[in-house]
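J.: Fold the following for me, if possible:
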Amino acid sequence: MTRFEVWAPDGVPEVRAGDDLVDVITAAEGALADGDLVVVTSKVVSKAEGRVREGGRDEAVEEETVRVVARRGGTRIVRNRLGLTMAAAGVDASNVDAGSVVLLPLDPDRSARELRTALRERTGRNVAVVVTDTSGRTWRLGQTDIAIGAAGLLVADDHAGRADPHGNPLAVTMPALADEIAGAADLAKGKLGARPVAVVRGLGQLVLPPGEDGPGASSLVREEGTDLFGYGATEAVVRALAGDPADRTPFGAPAAREALTASVAAVLAARGAAPGSVLALGSDDSEDLVLEVPDGPDRAVLAALAFAHGWALAEWQVGGDRVRATFSPVHT
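T.: Residues are numbered from 1 along each chain as shown. Reported below is the predicted structural model:
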């Protein structure tokens, strides 16, 4: 049987720039034990590190944004400088003086490492530290806390190569332990209870030995181009039609030539082309894909399809009632 407990104390004072978070944590939590997980909201970390600034939220969001993923009305989902994809770049205007906003820590993993080291020096205990922030999820209503910084913790448990009890091989199962811990701790901390720190006890098997901080929560962030949802639905159409080379990376590596061929056939069929009228021609050893299609498709349509698949429409030859289109993969 596995059992763990989570608690978050009341009475944590308002944190200001320059405050010692270790003093705040130890005063609130009392005696820590080896193997405890100390979970701290990013807001108090940011406040202690002086990441509060005066001014409007929109300006701060612009500064923290690397690129816009999706926009609907006044809501912006962006990829921020930490690689996190979240609403408003993680900029928060709640629980802060009027006219000010709180930015995320400059380096949440480093913040977690420093807290872990200081807690060990002052308490003698080997604990893990998780820095959390609130985030929405695609296809789900509501928000939950995720880990944006971690130290001394096994942040994920890769099951690849293992088998389930029925002998079925596991290939992609990888529980995001740091995020699960962040969500569990938030049940105790709450959103309006002024309890920014929680302790999780009973999961010491996830805590790394002293001196081993692990890869941090940043290791859970997908690299640009590996996420299947690099743009929102509207933005993906606009970016593909615009064809700006700077927008290529979120679409990922070049798709298989069969995938591009199938997409071209599907779009042309929707525009009236007869079944089987898109032909993939034999090619030499080059990487290019040569398709023969009925005359009449808008060249811009095929260029946009190519862009969305990580290819480029390199050549366009009209002959009779047929067009020969040559596509080249683009390696960014």
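J.: Got the domain ranges for this protein?
T.: According to automatic domain parsing, the chain comprises the domains 5-51+104-220, 253-329.
J.: mind checking the SS state of T134?
T.: With DSSP: H, G, I helix; E, B strand; the rest coil as the basis, T134 sits in strand.
J.: How far does stretch 206-223 sit from its chain's centre?
T.: 16 Å (CA atoms, centre = their mean, to the nearest Å).
J.: Any idea how many residues pack against G30?
T.: 9 (other CB atoms under 10 Å). Placement of C-beta: from N, CA and C, glycine included.
J.: can you pull the contacts of the closest residue to it other than its chain neighbours?
T.: Spatial nearest neighbour of G30, excluding adjacent residues (CB to CB, 6 or more residues apart in numbering): P9 at 7.9 Å. By CB atoms under 8 Å, 6 or more residues apart in numbering, the residues touching P9 are A28, E29, G30, R195, V197.
J.: Going by neighbour count, list what's buried in the helix or strand containing D109.
T.: Taking DSSP states H and E as the criterion, D109 maps to helix 108-123. Neighbour-count burial for helix 108-123, with 16 or more other CB atoms under 10 Å as criterion, is recorded at 108-120, 123.
J.: go on, stretch 290-304?
T.: V290, L291, V293, P294, P297, L302, A303, A304.
J.: Low-confidence stretches in the stretch 101-250 of the chain?
T.: For the stretch 101-250 of the chain, no stretch is flagged by pLDDT under 70.
J.: Which members of the contacts of P9 occur in strands, if any?
T.: Taking DSSP state E as the definition of strands, these contribute V197.
J.: before we move on, the earlier item: in a markdown table: the buried residues of helix 108-123, plus distance to A147.
T.: Formatted as a markdown table, the buried residues of helix 108-123 follow (distance: CB to CB, whole Å):
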| residue | distance to A147 |
| --- | --- |
| P108 | 8 |
| D109 | 10 |
| R110 | 14 |
| S111 | 12 |
| A112 | 9 |
| R113 | 14 |
| E114 | 16 |
| L115 | 13 |
| R116 | 14 |
| T117 | 18 |
| A118 | 19 |
| L119 | 17 |
| R120 | 20 |
| T123 | 22 |
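J.: Pick the one among these closest to T173.
T.: Nearest to T173, judged by CB to CB, of the buried residues of helix 108-123 is D109 at 24.3 Å.
J.: which residues sit in contact with the closest one?
T.: Residues near D109 by CB under 8 Å, 6+ apart: G149, A150, A151, G216, A217, S218.
J.: Among the residues you listed, name the ones in strands.
T.: When DSSP E defines the strands, the subset of the contacts of D109 inside them is G149, A150, A151.
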